[in-house]
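In: can't give you the sequence, but here's the structure:
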């Protein structure tokens, strides 16, 4: 088994997982990792964090969001979109607690 910085989780079962990466290579590697670990309900998309919520095929209240930002943290535009999306739960991974 191979795992990236955020280990994929199996429980509770999710209907759909979607992760966004800033670089195409990172998205491709994450997709390979998911395939190796038999996570078939995942989709990885390279792109900027500022535009992701328009592409998500579920309502915010039906979702949980894991945010693993760069060291500088999330910018205000992203946080505003995250708040407007309204996920049921937000997990914010920080290297500077």
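Out: Cool, got the structure. Given the structure is predicted, the values throughout are model-derived calculations rather than measurements.
In: tell me the domain boundaries of this protein?
Out: Annotated domains of the chain cover 13-47, 50-97 [automatic domain parsing].
In: Quickly compare the ones you listed and say which is most buried.
Out: domain 13-47 (a mean of 14; mean count of other C-beta atoms under 10 Å). For the C-beta atoms, the positions are set from N, CA and C on the backbone; glycine is no exception.
In: what mean pLDDT does that domain have?
Out: Across domain 13-47, the average pLDDT comes to 72.
In: Ok, stretch 88-97 next?
Out: Rounded mean pLDDT across stretch 88-97 is 81.
In: most residues in a single helix of the protein, which one?
Out: Determined from DSSP state H, the single longest helix within the chain is helix 24-36.
In: Which strands or helices does that helix pack on?
Out: Packing partners of helix 24-36 (3 or more C-beta pairs under 8 Å, 6 or more residues apart in numbering; DSSP states H and E): strand 17-21, strand 42-46.
In: let's see 6 Å
Out: strand 42-46 (3 or more C-beta pairs under 6 Å, 6 or more residues apart in numbering; DSSP states H and E).
In: The following helix or strand past the strand it packs on pairs with which strands?
Out: Later in the chain than strand 42-46, the nearest helix or strand by DSSP states H and E is strand 64-67. Strand 64-67 has its sheet partners listed here by DSSP bridges as strand 89-92 (parallel).
In: can you list contacts of the partner strand?
Out: Identification of contacts with strand 89-92 by C-beta atoms under 6 Å, 6 or more residues apart in numbering yields 64, 65, 66, 67.
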